[in-house]
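S.K.: how does the following fold in three dimensions:
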Amino acid sequence: MSRSTLGAFETKDETARMATMNNKALVEAFERAGLEFIPENGGGAGLRLRERKGV
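M.R.: Here you go, the predicted structure:
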């Protein structure tokens with residue numbers, strides 16, 4: 001995903017939607033970087049660092 005695409009999305013209001021292809025690319029980039037999406041569990045959905053195995 002290009003920086004300009006991400007920048008355009010960041011400047012939109014919170015109801016803005018990202019094209020499916022761009023959304024998938026962003027999720028995959030976060031996951032490759034070691035982030036894990038977590039479901040809403042009373043505190044809201046979010047991201048956290050994935051546990052490193054063998055540490």
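S.K.: what segments of this structure are helices?
M.R.: 3-11, 20-32 (DSSP state H).
S.K.: what sits up against the longest one?
M.R.: Outside helix 20-32, the residues within contact range by C-beta atoms under 8 Å, 6 or more residues apart in numbering are 1, 5-6, 9, 18, 37, 47. In short, each C-beta sits where N, CA and C put it, glycine included.
S.K.: for these, give me JSON lines that also has neighbour count and distance to E28.
M.R.: As requested, the contacts of helix 20-32 are arranged in JSON lines below (neighbours: other C-beta atoms under 10 Å; distance: C-beta to C-beta, whole Å):
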{"residue": "M1", "neighbour count": "16", "distance to E28": "9"}
{"residue": "T5", "neighbour count": "15", "distance to E28": "14"}
{"residue": "L6", "neighbour count": "15", "distance to E28": "13"}
{"residue": "F9", "neighbour count": "16", "distance to E28": "16"}
{"residue": "M18", "neighbour count": "16", "distance to E28": "13"}
{"residue": "F37", "neighbour count": "12", "distance to E28": "11"}
{"residue": "L47", "neighbour count": "11", "distance to E28": "14"}
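S.K.: sorry, back to before: pick out the shakiest of the helices of the chain, pLDDT-wise.
M.R.: Out of the helices of the chain, helix 3-11 stands lowest, with a mean of 79 (criterion: mean pLDDT).
S.K.: by contact count, what packs against it?
M.R.: Packing partners of helix 3-11 (3 or more C-beta pairs under 8 Å, 6 or more residues apart in numbering; DSSP states H and E): helix 20-32.
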